[in-house]
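In: Here you go, sequence then predicted model.
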2 protein chains.
Amino acid sequence: MRATFMYGPGDVRVENVPDPRIVDPTDAVVRITLACVCGSDLHPYHSMAATDEGVPMGHEFIGVVEDTGSAVTGVKRGDFVVSPFAFSDNTCPICRDGFHTACPRGGWYGAGGVGGAQAEAVRVPQADGTLVKVPGDVDTAFLPSLLALSDVYLTGHHAAHMGRVEPGKTVTVIGDGAVGLSAVLASRRLGAERVILMGRHTSRTDLGREWGATDVVAERGEEGVAKVLDLTGGEGSHVVLEAVGLMPAYEQAYGVVRPGGIISRVGVPQYEEAPVGFGSLFGKNAGLTGGPAPVRAYIEQAIDDVLAVRINPGRVFDAEVGLDQVADAYKQMDSRSSLKVVVRP
Amino acid sequence: MRATFMYGPGDVRVENVPDPRIVDPTDAVVRITLACVCGSDLHPYHSMAATDEGVPMGHEFIGVVEDTGSAVTGVKRGDFVVSPFAFSDNTCPICRDGFHTACPRGGWYGAGGVGGAQAEAVRVPQADGTLVKVPGDVDTAFLPSLLALSDVYLTGHHAAHMGRVEPGKTVTVIGDGAVGLSAVLASRRLGAERVILMGRHTSRTDLGREWGATDVVAERGEEGVAKVLDLTGGEGSHVVLEAVGLMPAYEQAYGVVRPGGIISRVGVPQYEEAPVGFGSLFGKNAGLTGGPAPVRAYIEQAIDDVLAVRINPGRVFDAEVGLDQVADAYKQMDSRSSLKVVVRP
């Protein structure tokens, strides 16, 4: 089959590799219907160390179960499924807490002998815990929104959930990428009264407005912070959803958060150390939360919401390529000519 | 009157200064009955830049109102009051949120023209918002516990409150100082099922056990982290209350926190930057919260609890000095020969 590998910055290749097969009895093999490129895929695309062994790419997909290991009972050949971007057993105490991305038996696509999802098929470890069957005959019009549940929308939802967004709260979303826009949609779903979207790409912030952003702030840095403080009567935002992962976004976050408020991060941090002392978080009792979204915890409800047309998170996809053109998808997203690109094997 | 000033590391002096007097119509002057030395006073005691102008010291006190400005209506001459360690108006939106230490009209004793409380008397700005009258005739046996409400106990409570301690939770408290022990007491009051106290001073951890610590871990660093993980089935602690403020304590905190758990800090951080990325907080969705305790938000309930003998937080005081001996109090606390020292003017 064909699968995508990255060899270094800007170096994305589609190669022929052996078809995936069951390794552990808890595995399934899924034939991929749709995959896509993630904002987090752009981090290695910019800065990974070049390697002779390509890194398998892609972790978001919907598809059809092709084979299952002997221990798998929850899904069977022919089932149409959504996969969270991380696999997990969904039974351990950590999963029962709702933090599946830290499951001791869980892991990540594209690592540890598990392939990537920008491919024709993929092996799914812990298939019973991971894969969620979509009920009924699915209209193809729903496919992009179901694909969005694999990561992007539920990552935005996780940000809002961890930030304890609720009616009456003012929420500031930093970043107008697909996750930031999803965080706008999720915040309104959770009842946020006011959603300030910090972003400068009008075509994106327009979708943000459609999804419920009440204000858009194009300014960045100190100017952007001043604007948000101004919009919030000088007090700042109860909740800040940081959907970028770079230090300037983190700095904006603690600049605009209200005393006692919460910064919830879902952009994978491209830093390890950051300000947390008296001058940033501690002095105003600001909280910091977030991490890799435990999509599995939220996915069943979200499938219902998609199929009932209560949400349409697939609107973040504004382009599509065939698998052989996946390198173009990276280029389009890197140049921001596309927001998020579907990959059809 | 006599008042305490610090001029440099280890250099604490009691000096004669003019009596405090009303400056703003919202002020009160309080004659101090009891004050004390705070763990946070030891930070400048170790490392402040030497200065020719002494810094007024002390921010915890109980006392009797001696004078009030023309705008003060909530307390009057003769009232016996507890003061939070920070003053605030108790009416602004931030105070109404319960984060009085960030009140725009609030501030700190010993700064901005306001004296310290290790003194015979002190001017209290925003007296109506700040001072809380203790009802009835107060038995002197309650004085230490009432004094503990000015900072230490309610700082421990704030840690537990922000960490969302509740029945069923495992809590790890880092630090066996007076705040750490208070955090143990507060955690049990909030229903924590298990409280692991990390500390190595037996006389202190013994009080921690009396107050409800179910386990004591004397080891530090990696060894201490391993011990706590072992005690929690490898999963870590739902809540970690960090009552030290130094980087090794922060590192222990993210080492022992369970995925999805919360680190709540109340030790004033002696660092600005700290690990928060994938390898520390983000990867396991660990939250970070805490800051200067908005004691004012909790004090009325706590006064009731003290007078009804439901808590006895004054037990952290294990020594007393007269005001002229305040330098000895610092020495005793610095050498750990005393846990926390009362200063009687």
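Out: Nice, thanks for sending it over. Because the structure is predicted, anything quoted here is derived from the model rather than measured.
In: any low-confidence regions in the stretch 151-300 of chain A?
Out: Applying pLDDT under 70 to the stretch 151-300 of chain A flags no residue at all.
In: Let me see the ranges of the strands in it.
Out: Ranges of strands in the stretch 151-300 of chain A, per DSSP state E, counting those that start in this stretch, are A:170-174, A:194-198, A:215-217, A:237-242, A:257-265, A:273-275, A:287-290.
In: now what about the fourth one, what contacts it?
Out: What that stands for is strand A:237-242. Contacts with strand A:237-242, where a contact means C-beta atoms under 8 Å, 6 or more residues apart in numbering or on different chains, come from A:156, A:159-160, A:163-165, A:169-175, A:180, A:183, A:187, A:192, A:196, A:228, A:249-250, A:252-253, A:256-258, A:261-267, A:290. (C-beta placed from N, C-alpha, C; glycine too.)
In: Those: which ones sit near chain B?
Out: Applying C-beta under 8 Å from any C-beta of the partner chain, the subset of those adjacent to chain B comprises A:258, A:265, A:290.
In: Contacts only, for the closest residue to the first one other than its chain neighbours.
Out: This points to residue A:258. Leaving aside its chain neighbours, residue A:258 sits nearest to residue A:236 (3.5 Å; criterion: C-beta to C-beta, 6 or more residues apart in numbering or on different chains). Applying C-beta under 8 Å, 6+ apart, one finds that residue A:236 lies in contact with A:228, A:229, A:256, A:257, A:258, A:259, A:261.
In: Then residue A:265?
Out: Applying C-beta under 8 Å, 6+ apart, the residues near residue A:265 are A:159, A:242, A:245, A:250, A:253, A:288, A:289, A:290, A:291, B:282.
In: so what's it bridging to?
Out: Beta bridges link residue A:265 to residue A:242, residue A:290, judged by DSSP bridges.
In: Which parts of the stretch 1-150 of chain A are strands?
Out: Using DSSP E, counting those that start in this stretch, strands in the stretch 1-150 of chain A cover A:2-8, A:11-16, A:28-36, A:55-56, A:61-68, A:80-83, A:86-87, A:107-108, A:121-124, A:132-133.
In: ok, residue A:298 - how many residues close by?
Out: 22 (other C-beta atoms under 10 Å in any protein chain shown).
In: Quick one: residues contacting the nearest residue to it once chain neighbours are set aside.
Out: In space, not counting the residues next to it along the chain, residue A:298 is nearest to residue A:154; the distance is 5.0 Å by C-beta to C-beta, 6+ apart. Applying C-beta under 8 Å, 6+ apart to residue A:154 gives the contacts A:84, A:182, A:293, A:295, A:298, A:299, A:302.
In: hmm, 6 Å instead?
Out: Contacts here follow C-beta atoms under 6 Å, 6 or more residues apart in numbering or on different chains; on that basis residue A:154 touches A:293, A:295, A:298.
In: Quick check: the gap between the residue lying closest to residue A:130 once chain neighbours are set aside and chain B.
Out: Nearest non-adjacent residue to residue A:130, counting by C-beta to C-beta, 6+ apart: residue A:87, 4.2 Å away. Remark: distance between residue A:87 and chain B (C-beta to the nearest C-beta, to the nearest Å) = 16 Å.
In: was I right about residue A:87 contacting residue A:106?
Out: Yes - under the criterion of C-beta atoms under 6 Å, residue A:87 makes contact with residue A:106 at 5.4 Å.
In: Would you mind telling me which of those two has more residues around it?
Out: Applying other C-beta under 10 Å to residue A:87 and residue A:106 shows that residue A:87 carries more neighbours, namely 28 against 24.
In: Domain parsing of chain A, as residue ranges.
Out: A:2-151+A:294-344, A:156-290 (automatic domain parsing).
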